[in-house]
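Peer 1: Pasted the sequence and its predicted model underneath.
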Amino acid sequence: MTWPTDPVRDLLVTTVENTTLTGSPGFIEWDRIEDLGRQAWRRFSVLATGGNLQRLADAPAIGATGISYLDRTYLVEIYYERGRYQRSIGKDSDVMTDDAERLMGALLRMDYDYTNTGLLSLKPAPWRITQLPTAAYSVEIELAARVRREL
């Protein structure tokens, strides 16, 4: 069975990849198969969770198929493997803050087409910087979304 792609997630991935940053390298999507190279210290992933239906009226049955309005949560997470000059990324906290602000700006200016993506609303939550168990750091941006999906 083939699962349909999530056009909202694809749009978020494209927006993150195309965000203008200060310094290099840019954001590179997380991939466990390919080696991203020595300079790939800004990796990111976009995870989709949720799918909550607030009420049954949001899932009307229309013939053999149907349309549902789902409340989803998308998590954009940027992983910093190491800082400039091989130092701890903790010394580059200004870079993480700048990245988060630029990424939030790109997400707010994102030009989405409702008919193609089904994205009805997108509400960013405050971003946060967290320390991972590996002593690396990550920036997390949580986005509450309402999407229209055909069943």
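Peer 2: Thanks, I have the structure now.

Peer 1: Convert the C-alpha atoms of the lengthiest helix in the chain to CSV, please.
Peer 2: Looking across the chain with DSSP state H, the single longest helix is helix 93-108. Provided in CSV are the C-alpha atoms of helix 93-108 (Å, rounded to 0.1, in the frame of the first residue of the first chain):
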residue,chain,number,x,y,z
SER,A,93,24.3,30.4,21.0
ASP,A,94,24.0,33.6,19.0
VAL,A,95,23.9,31.5,15.9
MET,A,96,21.2,29.3,17.3
THR,A,97,19.1,32.3,18.3
ASP,A,98,19.6,34.0,14.9
ASP,A,99,18.7,30.8,13.1
ALA,A,100,15.5,30.4,15.1
GLU,A,101,14.4,34.0,14.5
ARG,A,102,15.1,33.8,10.7
LEU,A,103,13.3,30.5,10.5
MET,A,104,10.3,31.9,12.4
GLY,A,105,10.2,34.8,9.9
ALA,A,106,10.4,32.5,6.9
LEU,A,107,7.5,30.3,8.3
LEU,A,108,5.4,33.4,9.0
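
Peer 1: Check which helices and strands it sits against.
Peer 2: helix 7-17, strand 65-80, strand 119-124, strand 128-131, strand 137-150 (3 or more C-beta pairs under 8 Å, 6 or more residues apart in numbering; DSSP states H and E). Any C-beta I mention is one placed from the backbone N, CA and C, and that applies to glycine too.

Peer 1: Nearest to residue 49, out of the ones you listed?
Peer 2: Smallest distance to residue 49 across the helices and strands packed on helix 93-108 (C-beta to C-beta): 5.0 Å, for strand 65-80.

Peer 1: Note down every partner strand of that closest one and its orientation.
Peer 2: strand 42-52 (antiparallel), strand 61-62 (antiparallel), strand 137-150 (antiparallel) (DSSP bridges).

Peer 1: Could you save those as CSV and add columns showing mean neighbour count, distance to residue 109 and mean pLDDT?
Peer 2: Below are the strands paired with strand 65-80 laid out as CSV (neighbours: other C-beta atoms under 10 Å; distance: least, C-beta to C-beta, whole Å; pLDDT from 0 to 100):
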stretch, mean neighbour count, distance to residue 109, mean pLDDT
strand 42-52, 16, 17, 86
strand 61-62, 10, 34, 61
strand 137-150, 18, 14, 88
